[in-house]
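Asks: Got a predicted structure here, sequence first:
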Amino acid sequence: MTSAGNLLVLNGPNLNLLGLREPAIYGTATLDDVEQLCLRVGDELGYSVECIQSNHEGDLIDAIHAAREGCDGIVINAGAYTHTSVALRDALSAVPVPAIEVHLSNVHAREEFRHHSLLSPVVSAVIVGAGVNGYRLAIEQLAWLRK
Ligand code: CA2
C-alpha cells in the first residue's frame, strides 16, 4: 500500500500509569496496549505512526511543533493539561496539522473541572468515553479527513 502519511499519537501526564491503577475509570489496557493499537490501526490504513508519552508540558509542545514537518495528523490525549494548558492550545493552533482530542473516560460525567477543555476549540474533533477504542476512531477520522 502507498503510504497515507505520518501520524503522531501524543499522550500526556500520568497516562504511563494506564492499566496499573484506576481500572474502573480508565480500563485495564496499558499505555503499551494503546500504542500497539495505534500502530496496528495506522498500519491498516497505510500510516506510519509515532507514539510519544510525556509527563512534561514542554515536551508535548515540542512534539507538536515538530509535527509541522511531515506529519499529517495528530491524536492527542493531553490528560489533565487538557483542562489547564493555554500553551498546548497555542501549540495546536500554531501547527497546520489536523488534530483530534481523545479522552478515555467520559469527562462530562466526571468532576466539573473536567468538563471544560482548552483544546477542544482548536481541534478538528473530540472523542470522549470510548476507552481505548477512541484512539482507533481518531485515526480512522484522520484517514477520513484525508479523502
Ligand atoms: O479520560 C481521559 O483520557 C483523561 O484525559 C485522563 C486524564 C484526566 O486528567 C482527564 O481529565 C481525562 C488523567 C490521566 C491519568 O491516567 C491515569 C491512569 C491510570 C491511573 C491513574 C491515572
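Replies: Yes, it's here.

Asks: For the chain, what lies in contact range of the ligand?
Replies: Taking C-beta under 6 Å from any ligand atom as the test, the list of the chain residues beside the ligand reads 14-15, 17-18, 21-22, 26, 77, 79-80, 82, 103-105, 107, 114. Glycine gets a C-beta too; all of them are placed from N, C-alpha and C.

Asks: Could you pick out the buried ones from those?
Replies: Buried residues within the residues of the chain next to the ligand, defined by neighbour count using 16 or more other C-beta atoms under 10 Å: 15, 18, 26, 77, 79, 82, 103-105, 107, 114.

Asks: any idea which of these is the one closest to Val132?
Replies: When those are compared for distance to Val132 (C-beta to C-beta), Leu104 comes out closest, at 6.7 Å.

Asks: I'd like to know how far that closest one sits from His116.
Replies: Between Leu104 and His116 the computed distance is 18 Å (C-beta to C-beta, to the nearest Å).

Asks: which residues in the protein form strands?
Replies: Counting by DSSP state E, the chain has strands at residues 5-11, 47-53, 73-77, 99-103, 125-128.

Asks: Distance from the lowest-mean-pLDDT helix or strand in the chain to the middle of the chain?
Replies: Ranking every helix and strand in the chain by mean pLDDT, DSSP states H and E puts helix 23-26 at the bottom, with a mean of 91. The gap between the average C-alpha position of helix 23-26 and the chain average comes to 18 Å, counting by C-alpha atoms, centre = their mean, to the nearest Å.

Asks: Identify the residues contacting it?
Replies: Under the criterion C-beta atoms under 8 Å, 6 or more residues apart in numbering, residues 18-19, 104-105, 131 lie in contact with helix 23-26.
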